[in-house]
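**Student:** Build me a structure from this.
(2 chains, ligands or ions: 1)
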Amino acid sequence: MDDKTTEIELRLLLEALFQKYCYDFRGYSMASIKRRLFQAREHFDCRTFSQLQDRVLHDPAVLSKLLSFLTVRVSELFRNPAYFLAIREKVIPYLRTYPSIKVWVAGCGAGEEVYSLAILFREEGLENRTMFYGTDISPEALEKAKAGVYKLDRIPLFTENHRQSGGKSSLSDYYSAAYQAAIFDKNLRRRVVFSDHSLATDGVFAEVQFISCRNVLIYFDRELQDRAVGLFKDSLARKGFLGLGFKESLRFNRHADTFTEFARSERIYQKRGDL
Amino acid sequence: MTATQAEAIVIGASAGALEALSILLPALPQDYPLPIMVVVHLSPDRESMLAELLRAKCSLDAREVEDKEPIQGGTIYFAPPDYHLLVEVDKHLSLSIEEPVHHSRPSIDVLFETAADAYGAALIGIVLTGASNDGSQGLKAVVSAGGTALIQRPDLAYIPTMPQAALDACPEAQVMSLEQITAYLQERSTPL
Ligand SMILES: C[S@@+](CC[C@H](N)C(=O)[O-])C[C@H]1O[C@@H](n2cnc3c(N)ncnc32)[C@H](O)[C@@H]1O
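**Tutor:** From the prediction side, this is the model:
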């Protein structure tokens, strides 16, 4: 009985967040969000989710902290190097034939994936014809992405990842180190736009040739995954590419037929040419 | 009191996992009705080999999970390296890269807690050998939900730390040798 009450309160809290702030977590995978909401409840020292709901409805300052519990932002530069190697070797040759290229990194977190692609495209000589769009729902993550500053102790991992991704230069060419931090080169951001966009509530925003959306859809239930991939389908140009996280697939998705497997084990899909 | 029919099994193991699972899992028959979800702590690249090694030995289908897979009986699901494995209430599997728990991703606690939520009294949770504290909170959640808790006898485990921690957290759990756990699981293949 108690469990049932908690369940009701939890759903009401998510409903309140949506009604008041337009943050829509109602279609997220519950197992993970529930664990994180329990952590948030403890952090805010609330006995019930109803109390937490009361706090967040009346105090927007609570919202931003609560968002940091609700969004998982773990990332790395060149995370899963094999993915970036496949982009370099298999996708880039296609993109090379376009006069101008648009790349959308959906759920870009603190920008690691965007900087990885910007570096890769520079190394492949495509940077000057490419626009990168990094989008996320977390204002805090977008701030960090714009700053492009990462803890220095993460650099060895980033460097090794970059090397394994087929990197053609030294990662140290792209950042300067200061005060325990690595600051990524401002001109890597020349052709990058970071902006707020939710795969749960917003629409298509541009026609793009390549979408990278890794480790974001895993937080959605299947219905919301269908919505997000529907957006990707509508945003992609003919024969455009969609890259997912290593343990994600379109196998259970409503729009699976729209795509063909392009690089199977690296989870890169291509939109069919006849659509 | 009539025992609830078991519907799923979750297993957590760390150091010594391969040896222990090699006794347990191959002993289950091809028509085994329950799904089995497994979290093992190993270095990321070794772990994916684990699913392959055990697939070769088992008559059940054994594989690493893909996000949003529906849970099916007679299948052994391994958490992929570097992802948490979670059970959804509607009997799907989800993955997550949120922070490690007890320095581990995947974490046994995360699997057990979410599985307890989804299966309640119909869950069997098993903690095996390992040098960690992971699994004890999860096993407690299994017990609180009315499920069955089994722990490998610490004195027989390759590393006793993890089963002992689980036992300290769940004194009501049944403590068994690997052979006894195997026999217990084999019995679940026929209705009570
Ligand atoms: C685990 S991070 C993934 C970072 C990076 N893509 C990677 O794979 O390393 C997930 C990101 O998805 C974002 N996110 C969650 N819900 C979202 C939504 N509805 N629309 C867009 N982004 C979302 C989170 O804020 C977070 O930054």
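**Student:** C-alpha only now, for contacts and for neighbours.
**Tutor:** Noted.
**Student:** For the stretch 51-200 of chain A, which segments are assigned as helices?
**Tutor:** Defined through DSSP state H, counting those that start in this stretch, the helices belonging to the stretch 51-200 of chain A, from first to last, are A:60-70, A:81-86, A:92-95, A:112-123, A:139-147, A:155-164.
**Student:** Ok, chain B next?
**Tutor:** All helices of chain B, identified by DSSP state H, fall at B:17-24, B:44-57, B:108-119, B:136-144, B:161-169, B:178-187.
**Student:** Export the last one to PDB, keeping only CA atoms.
**Tutor:** Listed next in PDB are the C-alpha coordinates belonging to helix B:178-187 (Å, rounded to 0.1, in the frame of the first residue of the first chain):
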ATOM      1  CA  LEU B 178      27.100 -23.600  -5.000                       C
ATOM      2  CA  GLU B 179      25.900 -27.200  -5.400                       C
ATOM      3  CA  GLN B 180      22.900 -26.400  -3.100                       C
ATOM      4  CA  ILE B 181      22.100 -23.200  -5.000                       C
ATOM      5  CA  THR B 182      22.300 -25.200  -8.200                       C
ATOM      6  CA  ALA B 183      19.900 -27.800  -6.900                       C
ATOM      7  CA  TYR B 184      17.600 -25.100  -5.600                       C
ATOM      8  CA  LEU B 185      17.400 -23.400  -9.000                       C
ATOM      9  CA  GLN B 186      16.900 -26.700 -10.800                       C
ATOM     10  CA  GLU B 187      13.800 -27.400  -8.600                       C
END
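**Student:** Whether stretch A:252-271 contacts the ligand - can you check?
**Tutor:** No. Under the criterion of C-alpha under 6 Å from any ligand atom, stretch A:252-271 makes no contact with the ligand; the nearest approach is 12.5 Å.
**Student:** Straight-line length of that stretch, end to end?
**Tutor:** 17 Å (C-alpha to C-alpha, to the nearest Å).
**Student:** Kindly provide the distance from B:Pro163 to B:Cys58.
**Tutor:** In this structure, B:Pro163 and B:Cys58 are separated by 24 Å, where distance is defined by C-alpha to C-alpha.
**Student:** which one of the two has more residues nearby?
**Tutor:** Looking at B:Pro163 and B:Cys58 with other C-alpha atoms under 10 Å in any protein chain shown, you find the greater number of neighbours at B:Pro163, namely 31 against 18.
**Student:** And the residue of chain B closest to the ligand?
**Tutor:** Of all residues in chain B, the one sitting closest to the ligand is B:Ile97 (6.1 Å; C-alpha to the nearest ligand atom).
**Student:** so can I have TSV of the helices of chain B showing mean pLDDT?
**Tutor:** Supplementary listing: the helices of chain B in TSV, determined by pLDDT from 0 to 100:
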stretch	mean pLDDT
helix B:17-24	95
helix B:44-57	79
helix B:108-119	98
helix B:136-144	97
helix B:161-169	98
helix B:178-187	96
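**Student:** just so I know, which of those helices lies nearest chain A?
**Tutor:** With respect to chain A, and counting by C-alpha to the nearest C-alpha, the nearest of these is helix B:108-119 at 5.9 Å.
**Student:** The closest one and chain A, any residue contact?
**Tutor:** Yes. Interface with chain A: helix B:108-119 contributes B:Thr114 (C-alpha under 8 Å from any C-alpha of the partner chain).
**Student:** Against which helices or strands is that helix packed?
**Tutor:** Taking 3 or more C-alpha pairs under 8 Å, 6 or more residues apart in numbering or on different chains; DSSP states H and E as contact, the helices and strands that helix B:108-119 lies on are strand B:8-13, strand B:36-40, strand B:84-87, strand B:123-127, helix B:136-144.
**Student:** Recalculate using a threshold of 6 Å.
**Tutor:** The criterion is 3 or more C-alpha pairs under 6 Å, 6 or more residues apart in numbering or on different chains; DSSP states H and E, and the helices and strands that helix B:108-119 contacts are strand B:84-87, helix B:136-144.
**Student:** highest average neighbour count across those?
**Tutor:** Between the helices and strands packed on helix B:108-119, strand B:84-87 has the highest mean count of neighbours, a mean of 30, where neighbours are mean count of other C-alpha atoms under 10 Å in any protein chain shown.
**Student:** List the neighbours of that strand that are in contact with it.
**Tutor:** Applying C-alpha atoms under 6 Å, 6 or more residues apart in numbering or on different chains, the contact partners of strand B:84-87 are B:Ala79, B:Leu93, B:Ser94, B:Leu95, B:Ser96, B:Arg105, B:Pro106, B:Ser107, B:Leu111, B:Thr114, B:Ala115.
**Student:** and if you look at stretch B:143-157?
**Tutor:** Around stretch B:143-157, the neighbours that count as contacts under C-alpha under 6 Å, 6+ apart are B:120-129, B:160, B:163-164, B:173-177.
**Student:** Among those, filter down to the buried ones and hand me the PyMOL syntax, if you would.
**Tutor:** With 16 or more other C-alpha atoms under 10 Å in any protein chain shown as the criterion, this PyMOL line picks the buried residues out of those:
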select buried, chain B and resi 120+121+122+123+124+125+126+127+128+129+160+163+164+173+175+176+177
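**Student:** burial measure for A:Tyr98, as a count.
**Tutor:** The number of residues packed around A:Tyr98, counting by other C-alpha under 10 Å, is 12.
**Student:** so who does it touch?
**Tutor:** No residues are in contact with A:Tyr98 under the rule C-alpha under 6 Å, 6+ apart.
**Student:** Distance check, it against the ligand.
**Tutor:** A:Tyr98 sits 25 Å away from the ligand, going by C-alpha to the nearest ligand atom, to the nearest Å.
**Student:** what do you get for A:Leu10?
**Tutor:** For A:Leu10 relative to the ligand (C-alpha to the nearest ligand atom), the value is 18 Å.
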